[in-house]
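Colleague: compute the structure for the input listed below.
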Amino acid sequence: MSLKGKRVVVTGGSKGLGLGIVKRLCAEGANIIMTYNTGDVAEAQKAAAEAGVEFAAYQADLSDMDQVLKLADEINQFPDVYGLVNNAGICYFEDFFSISQESYDKTFNVNMKAVFLLTQKITEKMVERKIQGRVVNFSSITAVSGSATQVHYGAAKSAVSGFTHMAAEALGQYGITVNAIMPGPTPTKHNSDYLKLEDTKKELCSRMPMRRYGEPSYIADGVVYFLGEGAAWTTGVLLPVDGGYLAK
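Modeller: Purely as a prediction, here's the structure:
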């Protein structure tokens, strides 16, 4: 089954991995609903125009649950939403003893609570409309491989992993699949300053059998797989796309 004409929501689609996913889905013929908080929608909009697919963008701060619920209502105005890609996330690198309640709450709100609410509200409409849709969440290798400066982020992504298993169980009876990508180190405009540091690159690449960073297109490949016909009987899966980082 082609993604041509399928309507897919991508959160955090204005930059980084999200933008790469949007571009790839446009090339696959999917109609895009993109959400963003900061950044410019022009690049994503251009990709959609060049591919001849439908495009809509909504701005929302996913740390604010009132905005999340409003966003879900706006998305549900479209009667044919097939896919939800919960890509948006935030990550603060902070010393364990310096993590504030505000930082903890915002990290969990964006990375987990918004994922839960958007999945709940959007799949509820899928069920009403008898759409056997797909949900693709974003966990992280940090959910498994600990990081001393990402304690709250790793905990939130661990929650996403658990949620993926539970939601797969809850929604499978309706023909809706729920899976998750666990990206490895992948440079984007957002994190390239950190990843290009020689010590960082040497340490991270030494842990990967592939000995190199990933590319946004590799992550997009995983998303396309979960949205496509090849994954029709695949649900509750956590897929590392990490150059073998978690194999060690």
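Colleague: so, low pLDDT: which residues of the protein?
Modeller: Across the chain, residues meeting the criterion (pLDDT under 70) sit at 1, 187, 189-197, 199-202, 204-206, 208-210, 213-214.
Colleague: all the helices of it, residue numbers only.
Modeller: With DSSP state H as the criterion, the chain has helices at 16-27, 42-51, 65-75, 101-108, 114-128, 151-171, 192-195, 198-206, 216-227.
Colleague: ok, now which ones touch the residue positioned nearest the centre of the chain?
Modeller: The residue lying closest to the centre of the chain (C-alpha atoms, centre = their mean) is N87, at 1.9 Å. For N87, the contact set (C-beta atoms under 8 Å, 6 or more residues apart in numbering) comprises V10, T11, G12, G13, L17, G18, I21, F138. Any C-beta I mention is one placed from the backbone N, CA and C, and that applies to glycine too.
Colleague: who wins on neighbours among these?
Modeller: The most crowded member of those, judged by other C-beta atoms under 10 Å, is I21 (31 neighbours).
Colleague: out of the helices of the chain, which is closest to D242?
Modeller: helix 216-227 (9.2 Å; C-beta to C-beta).
Colleague: now for the contacts of N87, which pair is the farthest apart?
Modeller: Farthest pair in those, by C-beta to C-beta: G13 and F138, 12.2 Å.
Colleague: and V135, how many neighbours?
Modeller: Applying other C-beta under 10 Å, we find 27 residues neighbouring V135.
Colleague: my read: it touches V178, true?
Modeller: Yes: if you go by C-beta atoms under 8 Å, V135 and V178 touch, sitting 4.4 Å apart.
Colleague: quickly compare the helices of the chain and say which is most buried.
Modeller: Ranked by mean neighbour count, the helices of the chain are led by helix 16-27 with a mean of 25 (mean count of other C-beta atoms under 10 Å).
Colleague: quick check: K125 touching Q77?
Modeller: No: using C-beta under 8 Å, K125 makes no contact with Q77, being 9.7 Å away.
Colleague: measure stretch 23-38 end to end?
Modeller: 18 Å (C-alpha to C-alpha, to the nearest Å).
Colleague: returning to what we had before: could you dump the contacts of N87 to a markdown table with distance to T38?
Modeller: Formatted as a markdown table, those follow (distance: C-beta to C-beta, whole Å):
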| residue | distance to T38 |
| --- | --- |
| V10 | 15 |
| T11 | 13 |
| G12 | 10 |
| G13 | 12 |
| L17 | 15 |
| G18 | 12 |
| I21 | 17 |
| F138 | 18 |
